[in-house]
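[1] Got a predicted structure plus its sequence, pasted below:
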Amino acid sequence: MPRSDSDIATLEDPATVTGRDKAPAAARQADDDVVIRARGVTVAFGGKKVLDDLSLDVRRGEILGFVGPSGAGKSVLLRTILGLNAKDAGTIEVFGIDYDRASDRERLSVERRWGVLFQHGALFSALTVRENIEVPMKEYLDLSPKLMHELAMLKIDLVGLAPDAADKYPSELSGGMIKRAALARALALDPEIVFLDEPTSGLDPIGAADFDQLIMTLRDTLGLSVYMVTHDLDSLFQACDRIAVLGERKVLVEGPLAKMLDYDHPWVKSYFHGKRARTIVTNDAKPARPTPFDGAA
Ligand SMILES: Nc1ncnc2c1ncn2[C@@H]1O[C@H](COP(=O)(O)OP(=O)(O)OP(=O)(O)O)[C@@H](O)[C@H]1O
């Protein structure tokens with residue numbers, strides 16, 4: 001549904017929005033742990049459906065890995081959740097708020113509670129790392145320059161960058177540093193959920209393992225929920241609490257890794273039982289890719 005003034009309406013009681021939500025109060029209470037609830041989402045371009053009646057839950061404090069064949073619509077769904085793509089049907093609630101029906105104020109409050117790391121980082125090349133992190137602060141908060149500066153330095157530390165990275169421009173950073181700087185910007189407003197689009201693509205195995213570890217630490221220490229679009233089997237096997245597979249224009253299966261391994265569908269089977277996956281499974285006594293601690297006495 002396009003975003004326009006005519007779409008701005010008072011929030012309907014979420015309990016009346018979908019069939020599933022007609023559940024008894026006790027069941028709804030258990031649902032409070034769901035930070036994103038997509039139901040019946042359909043998105044089409046020029047009459048061609050990319051997503052068709054898709055449903056998905058992201059739970060509070062989990063790392064959800066979102067996977068599927070190239071061109072299946074993973075980015076389309078991410079953009080739709082963020083309100084950047086129009087929907088043809090369905091509802092998406094973020095923190096219990098249906099973005100389409102929310103007032104401007106409600107939308108703003110939702111946007112302040114999420115952070116996004118787009119593929120390739122998408123940092124502003126003319127700004128330093130610190131200035132990049134301050135962009136969302138300037139947009140959404142009313143803070144003094146000194147306080148913004150201090151908060152940006154805290155985020156730089158949080159993602160494991162050295163303080164001297166603050167004054168560097170993106171062109172002066174390695175791929176791994178760019179991902180961390182972009183993550184620091186995604187964390188600028190202390191979000192409850194971060195969306196990561198292919199966060200480990202382009203990183204070497206140690207850099208990727210490091211980044212996965214950072215995400216897991218942030219989930220554990222900040223209680224962060226993480227929605228991670230990825231093709232990285234190592235991330236799926238080691239960092240994700242649950243996985244959702246997109247195929248045939250909907251979520252084919254969602255659940256823990258064990259469910260993926262048992263699921264009888266040609267693409268899911270070939271992905272999770274392919275040669276690369278078998279290497280990781282047979283290695284599961286120790287991390288499949290090296291970590292910075294490997295080799296330590
Ligand atoms: N704005 C748009 N207009 C028309 N078609 C679009 C638009 N955005 C995406 N598509 C189409 O939607 C389909 C899904 O694209 P999407 O980028 O979501 O795939 P993906 O699963 O993220 O792929 P990959 O893993 O390769 O990144 C593709 O066929 C793409 O061409």
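    Now that the structure is in, tell me what you want to look at. Note that the structure is predicted; figures quoted are calculated from it, not measured.

[2] What's the mean pLDDT across stretch 212-228?
    The predicted model gives stretch 212-228 an average pLDDT of 92.

[3] neighbouring contacts of that stretch?
    The contact list for stretch 212-228 (CB atoms under 8 Å, 6 or more residues apart in numbering) reads 35-36, 58-66, 78, 81, 158-160, 180, 183, 187, 190-196, 199-200, 234-235, 238-240, 291. Any C-beta I mention is one placed from the backbone N, CA and C, and that applies to glycine too.

[4] Identify each buried residue in that stretch, please.
    Neighbour-count burial for stretch 212-228, with 16 or more other CB atoms under 10 Å as criterion, is recorded at 212-216, 218-219, 224-228.

[5] Stretch 53-61 now?
    For stretch 53-61, burial by neighbour count (16+ other CB under 10 Å) applies to 54-58, 61.

[6] Domains in the chain, by residue range?
    Partitioning the chain according to automatic domain parsing yields domains covering residues 5-113+191-282, 121-190.

[7] need the least confident one among these, by mean pLDDT.
    domain 5-113+191-282 (a mean of 83).

[8] Helix, strand or coil: sort out residue 51 for me.
    Remark: residue 51 carries the secondary structure label strand [criterion: DSSP: H, G, I helix; E, B strand; the rest coil].

[9] what's the answer for residue 126, then?
    In terms of secondary structure, residue 126 is coil; the call rests on three-state DSSP.

[10] Next, the distance between the ends of stretch 156-165.
    Length of stretch 156-165, first residue to last, CA to CA, to the nearest Å: 8 Å.

[11] typed the wrong thing, it's stretch 83-91
    One end of stretch 83-91 to the other measures 11 Å (CA to CA).

[12] next helix or strand past the helix ranked longest in the chain?
    Longest helix in the chain by number of residues (criterion: DSSP state H): helix 205-222. Later in the chain than helix 205-222, the nearest helix or strand by DSSP states H and E is strand 225-229.

[13] Go through stretch 237-246 and flag the buried ones.
    Applying a neighbour-count criterion of 16+ other CB under 10 Å, one finds 237-246 buried in stretch 237-246.

[14] ok, so of those residues, who is nearest the ligand?
    Closest to the ligand out of the buried residues of stretch 237-246 is residue 246 (6.7 Å), distances taken as CB to the nearest ligand atom.

[15] what's next to stretch 247-261, contact-wise?
    The set of residues that contact stretch 247-261 without belonging to it, under CB under 8 Å, 6+ apart, is 49-57, 64, 68-69, 72-73, 236-237, 240-246, 263, 265, 267-268, 272-273, 281.

[16] which residues of the stretch 151-297 of the chain fall in helices?
    For the stretch 151-297 of the chain, the helices defined by DSSP state H, counting those that start in this stretch cover 175-186, 205-222, 233-238, 257-262, 266-272, 275-282.

[17] what about dumping the CA coordinates of the longest one to PDB?
    Output for helix 205-222, consisting of C-alpha atoms alone and laid out as PDB, is shown next (Å, rounded to 0.1, in the frame of the first residue of the first chain):
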ATOM      1  CA  PRO A 205      36.400 -16.200   6.400                       C
ATOM      2  CA  ILE A 206      38.000 -14.700   9.500                       C
ATOM      3  CA  GLY A 207      36.400 -11.300   9.000                       C
ATOM      4  CA  ALA A 208      33.000 -13.000   8.400                       C
ATOM      5  CA  ALA A 209      33.400 -15.200  11.500                       C
ATOM      6  CA  ASP A 210      34.300 -12.100  13.500                       C
ATOM      7  CA  PHE A 211      31.300 -10.200  12.200                       C
ATOM      8  CA  ASP A 212      29.000 -13.200  13.100                       C
ATOM      9  CA  GLN A 213      30.500 -13.200  16.600                       C
ATOM     10  CA  LEU A 214      29.900  -9.500  16.900                       C
ATOM     11  CA  ILE A 215      26.200  -9.900  16.000                       C
ATOM     12  CA  MET A 216      25.800 -12.700  18.500                       C
ATOM     13  CA  THR A 217      27.400 -10.600  21.200                       C
ATOM     14  CA  LEU A 218      25.100  -7.700  20.500                       C
ATOM     15  CA  ARG A 219      22.100 -10.000  20.600                       C
ATOM     16  CA  ASP A 220      23.300 -11.300  24.000                       C
ATOM     17  CA  THR A 221      24.300  -8.000  25.500                       C
ATOM     18  CA  LEU A 222      21.700  -5.600  24.100                       C
END
